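**Student:** sequence? don't have it. structure:
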């Protein structure tokens, strides 16, 4: 296959991966990493070596972990009960299957429902739900930052 087509595929994977950080149907970080790995492979790992790819892989794993812990940390910071934290985690999993709206709001719903079941307090349930949602947004921002760090390291390695 032509190297130009492979570079085009590498860039396309990275761009689609950036969109995937927000869109639940796409594994964003995995696609960004795949594009970077393809770019390193095209060059036979001469400019982007194995150590650089390993550093980028660690950043990718950290970004992937953000999906699972962000909403839970937001709930915990608001003084959530164990039921609210479980609800946030379950809401995150259920939200993945419901599209963009589900990804954004099901952790909030899960945490609020879990908190309400634990303490029967509407105000506390709403506060925990909102804190969960803010945690999720902070996690998404962190994933963007990590993805751009991955891309930056890759580009610097290519250029130098």
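**Tutor:** Nice, thanks for sending it over. The structure presented is a predicted model; accordingly, all values stated were derived computationally and were not measured.
**Student:** C-alpha only now, for contacts and for neighbours.
**Tutor:** Fine.
**Student:** Distance from the chain centre to the lengthiest helix in the chain, please.
**Tutor:** Longest helix of the chain, by residue count under DSSP state H: helix 122-159. With CA atoms, centre = their mean, to the nearest Å as the basis, helix 122-159 stands 7 Å off its chain's centre.
**Student:** buried set for that helix?
**Tutor:** 124-140, 142-144, 146-147, 150-151, 153-154, 157-158 (16 or more other CA atoms under 10 Å).
**Student:** Equivalent analysis for stretch 88-106, please.
**Tutor:** By neighbour count on 16+ other CA under 10 Å, the buried set for stretch 88-106 is 88-96, 98, 102-106.
**Student:** Ends of that stretch, what's the gap?
**Tutor:** Start and end residues of stretch 88-106 are separated by 8 Å (CA to CA, to the nearest Å).
**Student:** what sits against residue 157?
**Tutor:** 47, 48, 52 (CA atoms under 8 Å, 6 or more residues apart in numbering).
**Student:** what about the second one, which SS state?
**Tutor:** Yep, that's residue 48 we're talking about. With DSSP: H, G, I helix; E, B strand; the rest coil as the basis, residue 48 sits in coil.
**Student:** Hmm, it is touching residue 154, no?
**Tutor:** Yes. Residue 48 lies in contact with residue 154 (CA atoms under 8 Å); the separation is 6.8 Å.
**Student:** Low-confidence regions, the protein specifically.
**Tutor:** Applying pLDDT under 70 to the chain flags the ranges 24-25, 67-68, 71-72, 75.
**Student:** And the helices in it, which stretches?
**Tutor:** For the chain, applying DSSP H gives helices covering 3-20, 28-42, 50-77, 82-96, 99-119, 122-159.
**Student:** and the first one, which residues are buried?
**Tutor:** If I follow you right, that is helix 3-20. Going by neighbour count (16+ other CA under 10 Å), the buried part of helix 3-20 is 6, 7, 9, 10, 11, 13, 14, 16, 17, 18, 19, 20.
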